[in-house]
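S.K.: from the sequence below, what's the structure:
(2 chains)
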Amino acid sequence: NAGVMQNPRHLVRRRGQEARLRCSPMKGHSHVYWYRQLPEEGLKFMVYLQKENIIDESGMPKERFSAEFPKEGPSILRIQQVVRGDSAAYFCASSPATLRYYNEQFFGPGTRLTVL
Amino acid sequence: AQTVTQSQPEMSVQEAETVTLSCTYDTSESNYYLFWYKQPPSRQMILVIRQEAYKQQNATENRFSVNFQKAAKSFSLKISDSQLGDTAMYFCAFMRTQGAQKLVFGQGTRLTINP
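M.R.: Sure thing, here's the model as predicted:
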């Protein structure tokens, strides 16, 4: 059972370009979380999605950032018109959908975005 | 809103020594989960240990154990017989049991194990 996959692992963009980060959850997982890690900081929650639904986007910047998790295919985190402050590592985590109180989140290896 | 604080930005010990990393948190919830994650230079997030707030017994996983003080809202990680492979960033994290189960992370402690 492959783990959570993220691509690309490294992404370089110039200011004003668009960045698309992909996350394929573990097989059987229908919940996806995106976190951002700025240099020398902890991870910060951005958005929580289930298939075709955004459940909690309280951590997403109001502008330029969007996320989706379609019925088929990976989850996409999209950053439009990138700025230098968007340079960070972006982590995706997935968990199964169960009725238990706790569902462990399994993390992908992250995408390191560098904005020139 | 929940907050997690790690007051030790960096720590360094000799191999085979015991080291304790501190974490405090703030919440009005009565039931929740607490975690320690390890992030080695590869940047992969690895779950080290988990504690459920309603359990009084401290969690242990081999050389890793926690000291959970619910009233004090303290959750420290003890690493016994430290090894070179324990060198990493360590993050304390909080998760509610109700609603969206997003993780709230502390700022991290950079732990270096010296030979």
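S.K.: which helix or strand contains the residue positioned nearest the centre of chain A?
M.R.: The centre of chain A sits closest to A:Trp34, judged by C-alpha atoms, centre = their mean, with a distance of 3.4 Å. Using DSSP states H and E, A:Trp34 maps to strand A:31-37.
S.K.: list the helices and strands that strand packs on?
M.R.: Secondary-structure packing of strand A:31-37 (3 or more C-beta pairs under 8 Å, 6 or more residues apart in numbering or on different chains; DSSP states H and E): strand A:43-50, strand A:75-79, strand A:88-95, strand B:103-105. Any C-beta I mention is one placed from the backbone N, CA and C, and that applies to glycine too.
S.K.: the last one: what's the following helix or strand?
M.R.: The first helix or strand that comes after strand B:103-105 along the chain, using DSSP H and E, is strand B:109-114.
S.K.: got the CA positions of that next one in CSV?
M.R.: Extracted in CSV, the C-alpha atoms of strand B:109-114 (Å, rounded to 0.1, in the frame of the first residue of the first chain):
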residue,chain,number,x,y,z
THR,B,109,12.5,21.9,19.0
ARG,B,110,15.7,21.1,17.1
LEU,B,111,17.3,18.2,18.9
THR,B,112,20.9,17.2,18.2
ILE,B,113,22.4,14.0,19.5
ASN,B,114,26.2,14.2,19.6
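S.K.: buried sites along that strand?
M.R.: For strand B:109-114, a neighbour-count test (16 or more other C-beta atoms under 10 Å in any protein chain shown) marks B:109, B:111, B:113 as buried.
S.K.: include pLDDT when you put the residues you listed into JSON lines, please.
M.R.: Output for these, formatted as JSON lines (pLDDT from 0 to 100):
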{"residue": "B:Thr109", "pLDDT": "97"}
{"residue": "B:Leu111", "pLDDT": "97"}
{"residue": "B:Ile113", "pLDDT": "97"}
